[in-house]
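Chemist: The following comprises the amino acid sequence and a computationally predicted model.
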Amino acid sequence: MDECKVIIMGFGSVGQGVANALSMKKDLIKEKTGVAVKVVAAADSSSSAISADGLDEKLLVETKNNEGKLSAYPEFGSDKNGEDVLDAVEYDCLIEATPTNIVDAEPAFSLTMKAFGQGKDVVTSNKGHLALKFREVVDAAKRAGVEFKYEASVGGSMPIINFTKETLSSCKINSIIGILNGTTNYILSRMTTEGTSYEDTLRESQELGIAETDPTQDVEGIDAACKTVILANSLLGINATYSDVEVTGISSINSYAIELAKKDDYLIKLIAEVSPENLRVSPRLVKRGSSYDVGGTLNMATINTDLAGDVTVMGLGAGSLETASAMLTDLISILKNKN
């Protein structure tokens, strides 16, 4: 395989991050794999840009930011969207970065299944179809004989899924406990250091672009619960879906509770627990100075194993380039396996 043609579906912050990362790392990917990567299509929610000869990644991002839609891409803009884009051009790998939908997993589920049906590999950052239909999606990839990678769905740039499967492959994984949402960690960290209220800190994080305009998925623990399901299935072999997770968010945490915890040298963090006994996301007290004492948008997870004991990983859990880095790592892995 000398060339890999990719389609980027979903051109929000993550999709644009992938385009930017590809523009910076094409030479590195070619050096590591011997394969040249070419973006032949990119699509937002209502339009696309499509060219079998390849698109300019930087121009894709500029067009989206300046014009608001990819149909404005010079010469190759199109009104095609959704699954029609997958039929419009020959490709080798779908890079799926549409927004997470925890209600019905669309459009990620249909896009992914269509790509499998076409015999194409898929790299995703999406959590919806994995949290609701993990076994169905993974089994479909196996039946199709294609690669399906989803490192970016948990923890942004924090290596955990591939790391655990490969580096800790000799170990039985007993549990994973950690901080899996960067937005809530930022809010709780700022409330602790600045003594600000939840409402003021949330507003600040929205102004900085750390929290979404509608922050529900983050602050109510939904995002972390989706990641809990993905880790349970992929690393512990637990056949679980989102409804199996006990979820409590941080919206009821006030500055009084933060100060009370500090007096006893504790912090409040939104903790996800993945074990055969518990699938749970909730605010918990953690000891100051422990491995759970991480600030900002950092994510961390302690993986308890039978042979290696506790192994802790850490990394930035939010950000377009950070998430894109995990997606490119998955793409590189796929390309290496094919050569």
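Modeler: Great, that's in hand. Keep in mind that what you see is a predicted model, and the values were worked out from it rather than measured.

Chemist: give the contact list for Ile176.
Modeler: Under the criterion of Cβ atoms under 8 Å, 6 or more residues apart in numbering, the contact list for Ile176 reads 160, 231, 235-236, 272-275, 301-304. C-beta: built from backbone N, CA, C; applies to glycine.

Chemist: please redo it, this time with the cut-off set to 10 Å
Modeler: When contacts are counted by Cβ atoms under 10 Å, 6 or more residues apart in numbering, Ile176 touches 154, 160, 164, 227-228, 231-232, 235-236, 272-275, 301-304, 311, 313.

Chemist: same check, this time on Glu96
Modeler: Counting by Cβ under 10 Å, 6+ apart, Glu96 has contacts 7-10, 14-15, 107-109, 111-112, 115, 122-126, 129, 148, 150, 152, 327.

Chemist: just Lys149 next, same as before
Modeler: If a contact means Cβ under 10 Å, 6+ apart, then Lys149 has 93, 95, 121-124, 141, 161-162, 326-327, 329-334 as its contacts.

Chemist: same thing but at 8 Å, please
Modeler: Lys149 neighbours (Cβ under 8 Å, 6+ apart): 121-124, 330-331, 333-334.

Chemist: Show me what it is bridged to.
Modeler: Beta bridges link Lys149 to Val123, judged by DSSP bridges.

Chemist: From Glu75, how far out is the spatially most central residue of the chain?
Modeler: Nearest to the mean C-alpha position of the chain, by Cα atoms, centre = their mean, lies Ser153 at 2.8 Å. As defined by Cβ to Cβ, to the nearest Å, Ser153 lies at a distance of 34 Å from Glu75.

Chemist: Asn304 is in contact with Lys172, correct?
Modeler: No. The pair Lys172 / Asn304 is not scored as a contact, 9.7 Å apart, by Cβ atoms under 8 Å.

Chemist: Greatest separation within the contacts of Lys149: which pair is it?
Modeler: Thr124 and Ser333 (13.6 Å; Cβ to Cβ).

Chemist: Compare neighbour counts for the two and give me the winner.
Modeler: Comparing Thr124 with Ser333 by other Cβ atoms under 10 Å, the one with more neighbours is Thr124, at 28 against 17.

Chemist: Nearest spatial neighbour of that one, chain-adjacent residues omitted?
Modeler: Counting by Cβ to Cβ, 6 or more residues apart in numbering, the nearest residue to Thr124 once its immediate chain neighbours are dropped is Glu96, at 4.2 Å.

Chemist: Model confidence at the one you found, what's the number?
Modeler: pLDDT, Glu96: 98.

Chemist: Give me the buried positions along stretch 189-200.
Modeler: Buried residues in stretch 189-200, defined by neighbour count with 16 or more other Cβ atoms under 10 Å: 189-192, 196, 198.
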